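Chemist: Predicted model follows, preceded by the sequence.
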Protein chains: 2
Amino acid sequence: MINARIRPLVETITPCIDDGRYAIKRVRNEDIRVRAVIISDGHDRLNARILFRALSTAEERALPADWSAYRSPQTAVWYNAPLEPDVNDEWVGHFRIKSEGLFVYTVEAWVDHFRTWRADIRKKFAAGQDVQVDMQAGIQMIQAARDRARTAGHEHNAATLDGYARELEIALRPSLSQADVDFATGLEIYTIMEEYSDRSLAARFDREQFVRVDRPLAGCSAWYELFPRSASRQPHRHGTFQDVIDHLPRIAAMGFDIVYLPPIHPIGHTFRKGPNNSLHPEPDDPGSPWAIGSEEGGHKSIHPELGDFEGFADLVRETNRLGMEIALDIAFQCSPDHPYVREHPEWFRKRADGSIQYAENPPKKYQDIYPLDFETTDPDGLWRELKSIFEFWIERGVKVFRVDNPHTKSFPFWKWALRSLKCDHPDVIFLAEAFTRPHLMYHLAKIGFTQSYTYFTWRNNAHDMRDYLTELTTTSVRDFYRPNFWPNTPDILHADLQTGGRAAFEMRFALAATLSPNYGIYGPAFELCVNTPREEGSEEYMDSEKYQIQNWDLQGPVNLTPLITHINRLRREHRALQSNTSLRFYESNNPHILAYSKHGTDPDDVLLMVVNMDPHHTQSAMIDFACQELGIDPTRPYTLRDEISGKTFTWQDCWNYVELNPHLSPVHIFTVSQTAPRQGRYA
Amino acid sequence: MINARIRPLVETITPCIDDGRYAIKRVRNEDIRVRAVIISDGHDRLNARILFRALSTAEERALPADWSAYRSPQTAVWYNAPLEPDVNDEWVGHFRIKSEGLFVYTVEAWVDHFRTWRADIRKKFAAGQDVQVDMQAGIQMIQAARDRARTAGHEHNAATLDGYARELEIALRPSLSQADVDFATGLEIYTIMEEYSDRSLAARFDREQFVRVDRPLAGCSAWYELFPRSASRQPHRHGTFQDVIDHLPRIAAMGFDIVYLPPIHPIGHTFRKGPNNSLHPEPDDPGSPWAIGSEEGGHKSIHPELGDFEGFADLVRETNRLGMEIALDIAFQCSPDHPYVREHPEWFRKRADGSIQYAENPPKKYQDIYPLDFETTDPDGLWRELKSIFEFWIERGVKVFRVDNPHTKSFPFWKWALRSLKCDHPDVIFLAEAFTRPHLMYHLAKIGFTQSYTYFTWRNNAHDMRDYLTELTTTSVRDFYRPNFWPNTPDILHADLQTGGRAAFEMRFALAATLSPNYGIYGPAFELCVNTPREEGSEEYMDSEKYQIQNWDLQGPVNLTPLITHINRLRREHRALQSNTSLRFYESNNPHILAYSKHGTDPDDVLLMVVNMDPHHTQSAMIDFACQELGIDPTRPYTLRDEISGKTFTWQDCWNYVELNPHLSPVHIFTVSQTAPRQGRYA
């Protein structure tokens, strides 16, 4: 039942994803800035606050499928944070949450008669009007607040309020002075009155908004992908988990956080692919790790040539010891040899002749892969089994999953599975590998993927890159979609890298690592600047590791390891690079030059990046570095130190000259500072 | 319970007001264009349609306060309209509703395996693949559709489908030809398969959207406001309803639809205001009609000097006979003499000394007015009584209400009262007179006001006017907020009119009547170009009718009646002017010249308006009339007839010259036509 005496209305709240159906995402201690439109009739003053609370695991488990239908119980205990009026009936405030998990927040607003009274009595007294009756009304409000304080058991404050009321009653006789009115409307009384403001007729926003608070790694991470089977340093020997362990110190030294492995499960034989995706493999070709399942097992088994569960446990332990984590690739598809095909034929679609439908994109056929059929007559069994694959590996110490092509599996399944897994394991991270249309990619993020692959790879000029980042960081997308930028993957060797030489690799790496707090590379192909495509016009690698074992020469002359190590160190040293909330682009008069800054909460933590997106030619530009927004006075000299070259520049004003020879370095990463002006005798 | 086999998702629908909390507004037979984002996993083809249905009065009465929580019963019968895929996972379609009332609409989407099959088999066959098994799958789908047709009792269609299946089965032996595949995937089979598409796993948008369908007057109306007490043609005699009746033929001849009367109730004595808002009235000053209530009655009584209920009935009858309607002013406030003050003191706020709180805006006091207190201890009694005032006058034949300052009364009250009144009286129209901040004005429209006053009066240059109309007609505002443009009101004599002479009146009238399908004037002050303010800098009229009786000289030399009559006739002749959906502005190289077009569904119904917004000087401009968007070929001559001056112009190309001397006419209203090119022998 509505209380018909309640007059205000919280009309909208932001952030708010699809009216509360999905949670916004934050990490621990990250700011949650709330904006609400609050209206009421008439001219009475309003007051408002943010309310927020944690859901218990039991509450989280009991949530309805449509979260926007959830209402906290009447007995719920809320934390609160103040809201202040901004322009045009909007109110703003913020709060932070210190622990992981699922939380709700909302806004409540009420008519604050004491605020109205305070403003009115001042105006009336200033106009020389008799305010005796008005002061009596104020005293009554203070007495009512005293009673609320007493009910709350706050005896000390109740006594204080009672004292104020008595003092003002005395002031009423014979008549009120300016000092009396000043005292009655002053900050001393106001502050305590705020605490006991009469919220009996408060209105709440009619939805509760959800925020999923993750651990910091979800918000800032550097990923390194490698194929374990190529990890052996002996040519032609199949790599093992132990070989991967041998690589870990090198990867840790470069500053990566996550070591991501393509599928480690038994590989099917039927229609196995040979090198370069050939349909005619040799008997000893290893096949694609994404053709999952054989008589040796499926998604809960380990490809025997990689090792066993003990070896895997060693790998996880050693990775963690070096401050990193293992990420596994979860690809929900089966080779014709997968045990599911025998045990659960009902999970696959049948052709009219009774055979199982293989993957196809007519006229192309992918007969080595059977997709799962989410229209199966046994959706419960299928859903539960797929979810249990994550649980199986979580039990074995894996907390980060890269999910292969999630957009080709049922979205309702993901919503259910990810919510359920996060409820039991709030520290698990899911990266969605969906390269598809925008609504699909965004929806996967809404329904629970922690991070997402992006179109970064195909944003190849400054204008497009700026547009894309503007969409990702300034629209509502920023609240639920955490981009993860990859300059390359085993599937994507972009033409830029094929033709741009080492400069292109450096440029794309610097862009990924400074534009996005989450990024990754597929190595060692990346740091070795491997750039031969399977054929002209293809984004596939020649002799791709997807179909064969590679032997990488890490001692060769071309190696980006020093640059990668350096930029990863900058990312760790500068909070500015650990989030995208402060990203700001600057005008440049050369379309090849992209300039942007990030800054941390510390006023000294200001970074200016300038990137030459043409890997072939030296480019120069005037850029409009609106440094005053960062607390730098453009009328005085300020210093830029290029953390790449070590060189120092002194600038003044906003428009300044930059020049980048991509063969020396395609990027400046400037730290910017302005020392205080010397108080010389002429100052 | 969710059905775990359902894969697609209708993610968003537009139009959609605050996620379905409020209804969009349309009039009978107006187009409702629907756009939906529909996604699903994988590459299967989708299908989708709009569903819509009427709510019965009983269903409407039983709606929850939060309409977004409403779901139609499982047994509900829906009409449907097709949706077609547009770009980026968006689908578009439209529907119309032929009767007044409250309706719901939603979108459903399903994986359409027949669509997928149809596209795939063509590609496979074209690539030379064996499609025997595929054709079997298609036959199975046709047979399943046959069974659905039979279940629906559509024997004829079932037989047709059965015939197709048999024909294709025969075609299977010995092997399929191009003609077989063409037939199987052709339009003949597809059309009937669409009708029996398998929707068993269809997904619906998780909210139903509301549309309030009003009678056409709600969407297009010309209002004429007059004070009955000044309607007498004899100086100093108080006007009566009979005097108003004498004015009706004149008002009808001008082409107005609605005759709007300020409050007609008894006027209070206590603190009555004198001429020009004086606090010291003479005994025979009539007071403000908005100081409602005396010992002679309140909101359900008639001021005796105007007449009685019989006279009022005569006025309503005579107005209707002339094709017009009476609009009453509903102002929920009371003079201290109002019967409510004695009978329901609990509906008013008390001061600390026990007296009733008069209206105030400190330090200003309005002691002739007691506001109602919506925080009263008797909200039910107050709400019911206020609603009954509307019902009282509806019973007496009034179907149009102009509501005074609704933003100073509780919004939850309006939401409840307007919804309840529209349920019982779907033909009633409510105009909100709220001149306040945007969120408040828009919210009043969302919760049920049919039309709304606007900022039109204060948009006084071409740039601001264009911006404002763009907000009103191209954002979601257009779906719930019907603007009503007033060049003047008894409270607002804008400086433009004070200083701009007759040209300013003509210009503002033409803007209001052509920019908005709903507009009004306060007469006879408007057509007589009365323009003296109470004092310099004031928007109040000198000797305002709000406080005294006026005697208008309708025979004087300055009279806009011919222009008003003419433009109202154009509004009736041209459907283009009866809606705002086609409004389009054009670039002009003179900031004083505003150019815009409207067009109807008839391709010949194209109007181009050009307005000189400087009432003092001749202004000329080149305007970029992008006429090709209206079906006019700019490479050939086309004809413009100025319906104001009667002059004809021939233009070619888009950029053309216009010149307006405001003292002759500040506005062109061009009808535009292009006769077909003569098929001469050189053509």
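Modeler: Structure received. Residues are numbered from 1 along each chain as shown, chains lettered A, B, ... in the order given.
Chemist: Spit out the contact partners of residue A:13.
Modeler: Applying C-beta atoms under 8 Å, 6 or more residues apart in numbering or on different chains to residue A:13 gives the contacts A:34, A:35, A:36, A:106, A:107, A:205, A:207, A:209. The C-beta positions use only the backbone N, C-alpha and C, and glycine is treated the same way.
Chemist: Relative to residue B:57, how far out is the third one?
Modeler: In this structure, residue A:36 and residue B:57 are separated by 36 Å, where distance is defined by C-beta to C-beta, to the nearest Å.
Chemist: So the closest residue to chain B within the stretch 551-683 of chain A: helix, strand or coil?
Modeler: Across the stretch 551-683 of chain A, the shortest distance to chain B (C-beta to the nearest C-beta) belongs to residue A:580, at 24.1 Å. Judged by DSSP: H, G, I helix; E, B strand; the rest coil, the three-state class of residue A:580 is coil.
Chemist: Count the residues that sit near it.
Modeler: When counting by other C-beta atoms under 10 Å in any protein chain shown, one arrives at 20 neighbours for residue A:580.
Chemist: Residues of the stretch 401-550 of chain A that sit close to chain B?
Modeler: Residues of the stretch 401-550 of chain A found near chain B (C-beta under 8 Å from any C-beta of the partner chain) are A:407-413, A:416, A:437-440, A:443.
Chemist: Just the ones in helices from those residues, please.
Modeler: Assigned to helices by DSSP state H, the following of these qualify: A:411, A:412, A:413, A:416, A:438, A:439, A:440, A:443.
Chemist: mind giving me CSV with the residues you listed and columns for pLDDT and neighbour count?
Modeler: CSV is the format used below for those (pLDDT from 0 to 100; neighbours: other C-beta atoms under 10 Å in any protein chain shown):
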residue, pLDDT, neighbour count
A:411, 98, 24
A:412, 97, 23
A:413, 98, 22
A:416, 97, 19
A:438, 97, 14
A:439, 98, 17
A:440, 98, 21
A:443, 98, 26
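Chemist: which pair in these spans the largest distance?
Modeler: A:416 and A:438 (23.3 Å; C-beta to C-beta).
Chemist: ok, now how distant is the nearest residue to residue A:590 once chain neighbours are set aside from residue B:380?
Modeler: What sits nearest to residue A:590 in space, not counting adjacent residues and going by C-beta to C-beta, 6 or more residues apart in numbering or on different chains, is residue A:621, at 3.6 Å. According to C-beta to C-beta, residue A:621 stands 70 Å off from residue B:380.
Chemist: what about the two, which has more around it?
Modeler: Legend: neighbour count by other C-beta under 10 Å for residue A:621 and residue B:380, higher for residue A:621 (22 against 9).
Chemist: looking at it, that one is touching residue A:588, isn't it?
Modeler: Yes - if you go by C-beta atoms under 8 Å, residue A:621 and residue A:588 touch, sitting 4.6 Å apart.
Chemist: what residues are up against residue A:283?
Modeler: For residue A:283, counting by C-beta under 8 Å, 6+ apart, there are no contacting residues.
Chemist: Which pLDDT value goes with it?
Modeler: pLDDT for residue A:283: 90.
Chemist: would it count as being in a helix?
Modeler: No - counting by three-state DSSP, residue A:283 is not part of a helix but coil.
Chemist: Could you pull up phi and psi at it?
Modeler: Main-chain dihedrals, residue A:283, degrees, to the nearest 10: phi -60, psi -30.
Chemist: just residue A:430 next, same as before
Modeler: phi -120, psi 120.
Chemist: count of neighbours near residue A:551?
Modeler: Around residue A:551 there are 13 residues (other C-beta under 10 Å).
Chemist: Now it. Nearest residue, chain neighbours left out?
Modeler: Per C-beta to C-beta, 6+ apart, closest to residue A:551 is residue A:235, 4.7 Å.
Chemist: shouldn't that neighbour be in contact with residue A:550?
Modeler: No - using C-beta under 8 Å, residue A:235 makes no contact with residue A:550, being 9.8 Å away.
Chemist: which of these two has more neighbours?
Modeler: Higher neighbour count among residue A:235 and residue A:550: residue A:550, with 17 against 8, using other C-beta under 10 Å.
Chemist: farthest-separated two in the contacts of residue A:13?
Modeler: A:35 and A:207 (14.9 Å).
Chemist: Pick out whichever of the two has more residues nearby.
Modeler: For residue A:35 versus residue A:207, the count of surrounding residues by other C-beta under 10 Å is larger for residue A:207: 24 against 17.
Chemist: quick one, what contacts the closest residue to the more buried one other than its chain neighbours?
Modeler: Distance criterion C-beta to C-beta, 6+ apart; nearest residue to residue A:207, sequence neighbours excluded, is residue A:20 at 3.9 Å. Residue A:20 makes contacts with A:67, A:68, A:207, A:208, A:209, A:210, as judged by C-beta under 8 Å, 6+ apart.
Chemist: do that again at 10 Å, thanks
Modeler: A:13, A:66-70, A:104, A:106, A:205-210, B:19 (C-beta atoms under 10 Å, 6 or more residues apart in numbering or on different chains).
Chemist: Quick check: pLDDT value at it.
Modeler: In this model, residue A:20 carries a pLDDT of 96.
Chemist: now residue A:683
Modeler: For residue A:683, pLDDT reads 36.
Chemist: ok, now which ones touch residue A:532?
Modeler: By C-beta under 10 Å, 6+ apart, the neighbours of residue A:532 are A:493, A:498, A:541, A:542, A:543.
Chemist: Revised request: answer the last question for residue A:594.
Modeler: A:461-463, A:465-466, A:469, A:507, A:511, A:515, A:585-586, A:588, A:609-613, A:621, A:623, A:667.
Chemist: one step back: out of the contacts of residue A:532, which is nearest to residue B:328?
Modeler: residue A:493 (75.0 Å).
Chemist: Nearest spatial neighbour of residue A:137, chain-adjacent residues omitted?
Modeler: Closest to residue A:137 by C-beta to C-beta, 6+ apart is residue B:352, at 4.1 Å.
Chemist: Mind listing what's buried along stretch A:195-215?
Modeler: If you call a residue buried by 16 or more other C-beta atoms under 10 Å in any protein chain shown, then stretch A:195-215 has these buried ones: A:196-198, A:202-215.
Chemist: Nothing else from me, thank you.
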